[in-house]
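1. Need the 3D shape of this:
(one chain, ligands or ions: 2)
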Amino acid sequence: MRIYVPADAAARALGADEVAAAVRAEAQRRGIDITLIRNGTRGMIWLEPLVEVETEAGRTAFGPVGADDVASLFDAGLADHPLALGPVEAIPFFARQTRLTFARCGLIDPLSLTEYQAHGGLSGLRRALAMTPEDIVTEVTESGLRGRGGAGFPTGIKWQTVLNAKAAQKYIVCNADEGDSGTFADRMIIEGDPFTLIEGMVIAGLGVGATRGYVYLRSEYPDAIRVMDAAIAIARDAGLLGPSVLGSDRAFDLELRVGAGAYVCGEETSLLNSLEGKRGEVRAKPPLPALKGLFGLPTVVNNVISLATVPVIFQRGAAFYRDFGLGRSRGTIPIQIAGNVKHGGLFETAFGMSLGELVNDIGGGTASGRPVKAVQVGGPLGAYMPPASFATPFGYEEFDGQGGLIGHAGIVVFDDSADMLRLARFAMEFCAVESCGKCTPCRIGSVRGIETIDRIGRGDADAIELLTDLCATMKDGSLCALGGFTPYPVMSALQHFPDDFAATTKEAVP
Ligand SMILES: Cc1cc2nc3c(=O)[nH]c(=O)nc-3n(C[C@H](O)[C@H](O)[C@H](O)COP(=O)(O)O)c2cc1C
Ligand code: SF4
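-> Ligands and ions are numbered 1, 2, ... in the order given. Purely as a prediction, here's the structure:
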């Protein structure tokens, strides 16, 4: 009998290791022969630890399971039990998704290359190996894939620039710094299906003519670091990486590097400095990293999800992928639903679902049961969107039109007890703490921003105009999006929730 208990960091934080140990002990005590598989997560975090049992009718789920529940689960013959959820793929949160990038996450043992291949893995790479670099780049361009790290830049155009650049050495850099609030998709795919990222990076290398790659992973993700490290070693042993990729005459190898833990190190040029062993400070663009990137050589810098989506594009074809979505937002987007929400987790769906449907229907509204006041989409630099904007469909241009951004597609939900002035202050404080210090609007402006918001909190209504002015300066004058986008949360809070800025006796401290 096969039993699955996730080894994903979120599941482990909720007791999955204890559950796995209890399952093992209980099976042994009863003399039941089981195979225990530590899979990734299915992404339904409120049900973690989610235990799955393989039956003739497919995999059936129980959750959230505590170590104390395990004996009664066995008593019930791992079937009829109060924690039974039925077939895992029929759980509404799961059933409503279109899983392309995350198709295997939670399904397989993350470090089994055999299972990876049994579920479609490596077929994209095999196809790419028979294609010319130009055709590979065309395929990605035609898929409509845009960078999932934040800016939504077309991946095909970036790859084309690197392909066209002449250099003896080119690089593929995977940005796994994942610093946005409420985001965990990068971590989840690395912990749950690391070979898809490796496969995507190899295809990128074949496409642009790069033979070396680096995964830049944040130090705060020890589980992801361990899994990625092991996956790279397995891939190398199996000939997926190395001088002759899958026995071909093409070379590609990968190294894992761990970041020191600064938000700005997720910004691509700062990340490259960090990879080179320098201080994580933003470089002025141009030159673009595509032309002068790592060690001054042409470099593709792509987010984890962008690269992990490449294999399915090659497996199913560009047209298949492009068919999902709306407008210029093609394919699917793994949305991370977090904050004060009932059903938090990872929800992969075609672009186009409305924000309100995601928050209220999929997420089930707030965990506190109080009305939703605002949701922040796109990380700490994303706008606060009020329920009045909930009709906005999830798409790059659609969010832009509402003064917002999708970023890495993290949604953080707040109920009506949220104080938007404090949240605006937090955005400025975040910028002040995380600023790389290279330009004045960000370095100094954010500190003045905190002071100005405190003045408003103390009842100085004139300071509102000053804050508006300061935000305009930061937006226009900052070198990168850290300083340039901090006005989004601040100004959206001010615009949509003016009452929170009108109070006169507020203690404006965190
Ligand atoms: C302050 C700041 C932090 C960023 N953090 C990340 C990050 O953690 N992960 C990421 O993929 N992109 C991050 N980005 C975006 C990257 O600079 C870059 O656009 C991205 O890695 C490109 O990959 P993509 O085209 O696949 O999205 C950040 C940008 C800024 C300005
Ligand atoms: S905006 Fe901030 S983080 Fe970006 S370059 Fe300027 S000081 Fe550095």
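2. How about the residues of the stretch 351-500 of the chain by ligand 2?
-> Residues of the stretch 351-500 of the chain lying close to ligand 2 (CB under 6 Å from any ligand atom) are Ser435, Cys436, Gly437, Lys438, Cys439, Cys442, Arg443, Ser478, Leu479, Cys480, Leu482, Gly483. The C-beta positions use only the backbone N, C-alpha and C, and glycine is treated the same way.
3. Apart from its neighbours in sequence, what residue is nearest the residue nearest to the spatial centre of the chain?
-> By CA atoms, centre = their mean, the chain has its centre lying nearest to Ala185, at 3.2 Å. Distances taken as CB to CB, 6 or more residues apart in numbering place Pro334 nearest to Ala185, at 4.4 Å, with adjacent residues excluded.
4. and the one you found, helix, strand or coil?
-> strand (DSSP: H, G, I helix; E, B strand; the rest coil).
5. That one - how many residues pack around it?
-> Look at Pro334: counted by other CB atoms under 10 Å, it has 27 neighbours.
6. Then Leu256?
-> If we define neighbours as other CB under 10 Å, then Leu256 has 18 of them.
7. quick one, phi psi at it?
-> Main-chain torsions, Leu256, degrees, to the nearest 10: phi -100, psi 130.
8. So it sits against Tyr221, correct?
-> No: taking CB atoms under 8 Å as the definition, Leu256 is not a contact partner of Tyr221, at 11.2 Å.
9. Tyr321: which element?
-> Per DSSP states H and E: Tyr321 is located in helix 318-322.
10. Ala176 touches Val304, doesn't it?
-> Yes: applying CB under 8 Å as the test, Ala176 and Val304 come out as touching, 4.9 Å apart.
11. got the residues of the protein near ligand 1?
-> Within the chain, the residues that sit near ligand 1 (CB under 6 Å from any ligand atom) are 147-151, 153, 175, 177-179, 263-264, 266-268, 301-303, 306, 480-482.
12. What are the boundaries of the helices in the stretch 251-400 of the chain?
-> Here the stretch 251-400 of the chain has its helices, by DSSP state H, counting those that start in this stretch, at 268-275, 304-316, 318-322, 355-356, 396-400.
13. Most tightly packed of these?
-> By mean neighbour count, with neighbours taken as mean count of other CB atoms under 10 Å, helix 304-316 ranks first of the helices of the stretch 251-400 of the chain at a mean of 27.
14. how distant is that one from the center of its chain?
-> Taking CA atoms, centre = their mean, to the nearest Å, one finds helix 304-316 lying 14 Å from the centre of the chain it belongs to.
15. Likewise for stretch 481-489?
-> For stretch 481-489, the distance to the chain centre is 19 Å (CA atoms, centre = their mean).
16. if we can go back for a sec, joint contacts of Ala176 and Val304?
-> Listed contacts common to Ala176 and Val304 are Asp186, Ile190; contacts here mean CB atoms under 8 Å, 6 or more residues apart in numbering.
17. what stretches of this structure score poorly on pLDDT?
-> Along the chain, the model assigns pLDDT under 70 to residues 503-510.
18. tell me the domain boundaries of it?
-> By the assignment in the TED database, the chain contains the domains 2-91, 113-323, 329-415, 420-500.
19. Okay, strands next: where are they in the stretch 201-350 of the chain?
-> Per DSSP state E, counting those that start in this stretch, the stretch 201-350 of the chain carries strands over the ranges 212-217, 253-258, 299-303, 325-326, 329-330, 332-339, 345-350.
20. which of those sits most buried?
-> By mean count of other CB under 10 Å, these have strand 299-303 as the most buried, with a mean of 27.
21. hey, where'd the strands end up in the stretch 51-200 of the chain?
-> Under DSSP E, counting those that start in this stretch, the stretch 51-200 of the chain gives strands at 51-55, 58-62, 84-87, 171-176.
22. Out of these, which is closest to ligand 2?
-> strand 171-176 (15.7 Å; CB to the nearest ligand atom).
23. what residues does that closest one touch?
-> 149, 186, 190, 197, 201, 204-205, 208, 210, 212-218, 221, 224, 228, 266, 268, 271-272, 275, 289, 293-295, 297-304, 307.
24. circling back to that earlier point, which of the strands of the stretch 51-200 of the chain has the highest mean neighbour count?
-> Scoring these by mean count of other CB under 10 Å, the most buried comes out as strand 171-176, with a mean of 28.
25. That strand pairs with which strands, parallel or anti?
-> Strand 171-176 has the following strand partners under DSSP bridges: strand 212-217 (parallel), strand 299-303 (parallel).
26. Just put these in a markdown table and tack on distance to ligand 2.
-> Shown next, in a markdown table, are these (distance: least, CB to the nearest ligand atom, whole Å):
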| stretch | distance to ligand 2 |
| --- | --- |
| strand 212-217 | 17 |
| strand 299-303 | 16 |
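27. Quick check on the closest residue in space to Ala472 that isn't next to it in sequence: phi, psi?
-> Closest residue in space to Ala472, ignoring its immediate chain neighbours: Pro487 at 7.4 Å, by CB to CB, 6+ apart. When read as degrees, to the nearest 10, the backbone of Pro487 gives phi -60, psi -20.
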